[in-house]
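[1] following is a predicted model, sequence given first.
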Amino acid sequence: MRTGSEPTTARSPLRMRLWLSVWGLVWAIAGTAAFALAGRPGWAAACGVLWLIVTVDLAVVLRHIRQGPHYQPGRDVPPYEPPRPPGRRP
């Protein structure tokens, strides 16, 4: 069903974001360790900052998943109704 309001009622693929964040977390940790051991403090710091960003994103994704079907509806939940402008009746 297409309503024309898809950008405002779009659903985020949280499970995909979760696994991409885990993948990024693994690479950021590995990069930080590898560059630190190789004696490249600038690159190790850059990977450390990336590690921090990925960890925050992972926490946000997990929070949204735990909030339930409002943020991650299943296939059986129909799209949300588009928001109506104030003062307008159906």
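    Looks like it came in fine.

[2] which secondary structure elements does whichever strand or helix holds L62 contact?
    In this structure, L62 sits in helix 41-66 according to DSSP states H and E. In terms of contacts (3 or more Cβ pairs under 8 Å, 6 or more residues apart in numbering; DSSP states H and E), helix 41-66 is packed against helix 14-37. (Glycine included, C-beta is placed from N, CA and C.)

[3] how many other residues sit next to S21?
    20 (other Cβ atoms under 10 Å).

[4] can you pull the poorly scored residue ranges out of this protein?
    Residue ranges of the chain with pLDDT under 70: 1-12, 68-75, 77-83, 88-90.

[5] buried residues in stretch 13-20, which are they?
    L14, R17, L18 (16 or more other Cβ atoms under 10 Å).

[6] would you mind confirming that the second one is in contact with V61?
    When you say that, I think you mean R17. Yes. If you go by Cβ atoms under 8 Å, R17 and V61 touch, sitting 5.0 Å apart.

[7] now the angle between helix 14-37 and the helix holding L62, please.
    Counting by axes from the mean of the first three to the mean of the last three Cα atoms, to 10 degrees, helix 41-66 lies at 160 degrees to helix 14-37.
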